[in-house]
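>>> 3D, please:
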Amino acid sequence: MVTWVLLLSAAIGAVCGIWLHVVVFTILSVLVAIAYLVTAMISGLSFGSTMLWIVMLSVALCVGYISAHLLRYAFHIRAQKAKERHPQLDPGSKYLHDQQQP
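I've put the predicted structure just below:
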């Protein structure tokens, strides 16, 4: 059960990493942690257990967020390298005068 919760948190973090700015993501993460803390205290869970869960879920969210950014960066670098290797794929002018270097 714990594994699935952490994987789901990482997946949510990855989706947020694609669409949300880091400041917005941080504010939302803090608000969710505060809401979880209040809910857990009202339901009678221990403070230590609650803080452990908050830390684990926050780390899983951040791992997902960072992995989404690393994936986007890897795709961007790969596309840039492919563009550099195949310059003939770029549309150029059909006139010889435009293709000559001054």
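>>> My read is that residue 65 contacts residue 26, right?
No. Applying Cβ atoms under 8 Å as the test, residue 65 and residue 26 come out as separate, 9.5 Å apart. Placement of C-beta: from N, CA and C, glycine included.
>>> Can you pick out the residue with more neighbours from those two?
residue 65 (23 against 13; other Cβ atoms under 10 Å).
>>> In contact with that one: list those residues for me.
Counting by Cβ atoms under 8 Å, 6 or more residues apart in numbering, residue 65 makes contact with 13, 14, 16, 17, 22, 25.
>>> Low-confidence stretches in this protein?
Low-confidence segments of the chain, defined by pLDDT under 70: 85-102.
>>> if we go to 80?
1, 82-102 (pLDDT under 80).
>>> quick one: buried residues of the longest helix along it?
Ranked by number of residues, the top helix in the chain under DSSP state H is helix 47-85. Buried residues in helix 47-85, counted by 16 or more other Cβ atoms under 10 Å: 50, 53, 54, 57, 58, 60, 61, 62, 63, 64, 65, 68.
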